[in-house]
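[1] Provided below for reference: sequence and predicted model.
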Amino acid sequence: MIKFLDLEKINNRFRTEIDKRIAKILDKGWYLQGEENETFCENFAKFCGTKYCLGVANGLDALNLIIKGFGFGNGDEIIVPANTYIASILAISENGCTPVLVEPDINTYNINPDLIEEKITNKTKAIMVVHLYGQVVQMEKIWELAKKYNLKIIEDSAQAHGGAAHVGCNNKSDLFTSATHVDIGSDDMSSECSLQVRRAGNLGDASAFSFYPGKNLGCMGDGGAITTNDKELYEKIKAIANYGSDRKYHHIYKGTNSRLDEIQAAVLDVKLKYLEKDNERRREIAKYYRENIKNAKIILPQTYDENASVWHVFVVRTENRDEFQKYLSDNEIQTIIHYPTPPHKQGAYSEWNNLSFPVSEEIHRTIISLPISPVMTNEEVKKVVEVVNEY
Ligand SMILES: *Cc1c(COP(=O)(O)O)cnc(C)c1O
């Protein structure tokens with residue numbers, strides 16, 4: 001069986017290093033808010049190109065805390081793609097804000113920038129972009145709207161660690177509300193505009209990451225982080241996540257408790273060193289799939305820039321999705337649907353059940369994710385192509 005994602009194999013590559021780091025924590029006996037957290041956050045901020053990074057308990061908390069940090073609530077509207085994973089929307093509702101759903105683009109599966117402006121009202125406070133399936137959202141138009149209507153941009157980067165927006169050499173990124181040009185180095189992008197290459201986590205006012213085990217950068221339990229260049233926001237969120245406390249036993253917000261523990265931070269710090277290489281392998285597999293899957297019944301995913309996606313999942317579309325999934329399973333290939341039901345058709349949002357989002361519904365009806373991961377062998381990749389082509 002070709003597994004959808006072989007987590008054991010993924011993590012065992014780092015077994016010796018992880019063992020050592022965990023042993024160090026046990027020797028020290030310090031489990032929360034310590035050196036590991038500090039080191040990882042510093043390295044992850046550097047990786048994203050941001051000034052600040054705060055470790056939190058999970059991705060949903062990260063989104064939640066960003067909304068709290070901005071002080072949004074009481075029916076404030078936040079724009080969000082209609083086809084996102086439900087967590088993005090739950091974070092908005094949980095704060096008493098109103099999620100305003102916008103249809104995705106059928107080609108990129110990301111929010112359609114052309115449909116946002118008509119949804120902006122005098123209650124709109126933010127646009128939440130979700131870099132879905134690992135592909136960074138094309139930000140130019142969204143930066144323009146944020147500037148025009150004075151909106152915050154919240155990134156849900158839970159699926160896009162390392163995804164980069166090649167924003168071009170036209171200084172469009174100056175439109176970004178709190179523009180900071182953080183040089184992440186020429187990376188492997190075109191060197192003449194290296195300053196214009198910006199990673200997920202550094203494309204809005206604040207960004208949420210999840211380190212759920214199956215993400216491109218995953219820990220061994222729950223974990224999350226917030227990145228931002230806004231010092232004031234960072235300090236406020238840090239306090240809110242720590243019982244609303246800016247210093248010991250001094251509580252200035254009705255806060256909560258959300259922490260990244262030392263063991264998870266250590267695991268993440270080890271794995272972060274290999275993330276670019278792992279993403280590169282994912283890109284290689286995606287390229288092979290896109291060049292070699294040739295079947296009129298299968299619609300392949302599109303990307304607008306080779307560096308934009310870190311291929312968290314490789315999503316194809318087909319008319320008879322369930323039949324195709326059974327066929328693959330009969331041929332020893334495991335697949336997953338991301339996701340089978342759109343948020344507006346979920347029981348939790350019964351008030352939306354009669355609304356119609358045709359693009360999102362079409363996506364949810366036809367999508368299926370093929371195996372992709374840094375530990376897949378060339379033989380496995382070839383076999384997937386052969387089996388898909390014979391369908
Ligand atoms: C995984 C994920 C989350 C939530 O992350 P958790 O760590 O599971 O809370 C949020 N948004 C998106 C798009 C995700 O894929």
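    Arrived safely, thanks for sending.

[2] for this structure, longest strand please?
    strand 124-130 (DSSP state E).

[3] quick one: the helices in the chain?
    7-12, 15-28, 35-48, 59-70, 86-94, 140-149, 231-240, 262-272, 275-292, 321-330, 358-366, 378-389 (DSSP state H).

[4] list the buried residues for the first one?
    Along helix 7-12, the positions that meet the burial threshold by neighbour count (16 or more other C-beta atoms under 10 Å) are 10-11. Any C-beta I mention is one placed from the backbone N, CA and C, and that applies to glycine too.

[5] what's the neighbour count on residue 375?
    17 (other C-beta atoms under 10 Å).

[6] nearest residue to it other than its sequence neighbours?
    residue 9 (4.5 Å; C-beta to C-beta, 6 or more residues apart in numbering).

[7] how close does that neighbour get to the ligand?
    For residue 9, the distance to the ligand (C-beta to the nearest ligand atom, to the nearest Å) stands at 21 Å.

[8] per-residue pLDDT, that residue?
    pLDDT recorded at residue 9 is 98.

[9] and it, how far from residue 348?
    35 Å (C-beta to C-beta, to the nearest Å).

[10] around the ligand, pick out the residues from the protein.
    Contacts of the chain with the ligand, taken as C-beta under 6 Å from any ligand atom, map to 58-60, 84-85, 87-88, 130, 156, 158-159, 210, 212, 222, 224.

[11] give me the buried subset of those.
    Looks like those have 58-60, 84-85, 87-88, 130, 156, 158-159, 210, 212, 222, 224 buried, using 16+ other C-beta under 10 Å.

[12] I'd say residue 334 and residue 6 touch.
    No - if you go by C-beta atoms under 8 Å, residue 334 and residue 6 don't touch, sitting 9.7 Å apart.

[13] how many neighbours does residue 256 have?
    The burial count for residue 256: 16, using other C-beta under 10 Å.

[14] now do the contacts for it.
    61, 65, 240-241, 243-244 (C-beta atoms under 8 Å, 6 or more residues apart in numbering).

[15] what of residue 82?
    101-104, 342-344, 357, 359-360.

[16] what does residue 17 give?
    residue 270.

[17] how far away is it from residue 223?
    Here residue 17 is placed at a distance of 17 Å from residue 223 (C-beta to C-beta).

[18] and what of residue 377?
    28 Å.

[19] okay, the two: which has more neighbours?
    Relative neighbour count places residue 223 above the other of residue 377 and residue 223, with 30 against 9, counting by other C-beta under 10 Å.

[20] I'd say the more buried one and residue 260 touch.
    Yes - at 5.1 Å, residue 223 counts as touching residue 260 under the criterion of C-beta under 8 Å.

[21] who touches both of the two?
    55-57, 211, 268.

[22] looking at these, spot the one nearest residue 389.
    residue 211 (35.4 Å; C-beta to C-beta).

[23] next, the closest residue to that closest one other than its chain neighbours: phi, psi?
    Nearest in space to residue 211, with sequence neighbours left out and distances taken as C-beta to C-beta, 6+ apart, is residue 223 at 3.6 Å. Per-residue torsions, residue 223: phi -170, psi 160 (degrees, to the nearest 10).

[24] list the buried residues for stretch 366-380?
    For stretch 366-380, using 16+ other C-beta under 10 Å, the buried residues are 366-376, 380.

[25] between all of those residues, which two are at the greatest distance?
    Pairwise over the buried residues of stretch 366-380, using C-beta to C-beta, the maximum falls at 366 and 375, 28.0 Å.

[26] report the contact partners of residue 261.
    Going by C-beta under 8 Å, 6+ apart, residue 261 touches 31-32, 37, 221, 223.

[27] possible to save the helices of the chain as JSON lines with distance to residue 118?
    Formatted as JSON lines, these follow (distance: least, C-beta to C-beta, whole Å):
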{"stretch": "helix 7-12", "distance to residue 118": "42"}
{"stretch": "helix 15-28", "distance to residue 118": "49"}
{"stretch": "helix 35-48", "distance to residue 118": "32"}
{"stretch": "helix 59-70", "distance to residue 118": "23"}
{"stretch": "helix 86-94", "distance to residue 118": "19"}
{"stretch": "helix 140-149", "distance to residue 118": "11"}
{"stretch": "helix 231-240", "distance to residue 118": "29"}
{"stretch": "helix 262-272", "distance to residue 118": "40"}
{"stretch": "helix 275-292", "distance to residue 118": "33"}
{"stretch": "helix 321-330", "distance to residue 118": "31"}
{"stretch": "helix 358-366", "distance to residue 118": "15"}
{"stretch": "helix 378-389", "distance to residue 118": "38"}
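
[28] which of those sits most buried?
    Sort the helices of the chain by mean neighbour count, taking mean count of other C-beta atoms under 10 Å, and helix 59-70 sits at the top with a mean of 27.

[29] same question for that helix, mean pLDDT?
    Helix 59-70 comes out at a mean pLDDT of 98.

[30] that helix - contacts with which helices or strands?
    Contacting helix 59-70 under the criterion 3 or more C-beta pairs under 8 Å, 6 or more residues apart in numbering; DSSP states H and E are the following elements: helix 86-94, strand 124-130, strand 152-156, strand 206-210, strand 224-228, helix 231-240.

[31] partner strands of the third one and their direction?
    Right, strand 152-156. Applying DSSP bridges to the sheet, strand 152-156 is found paired with strand 124-130 (parallel), strand 206-210 (parallel).

[32] distance between stretch 204-222 and the chain's centre?
    7 Å (C-alpha atoms, centre = their mean, to the nearest Å).
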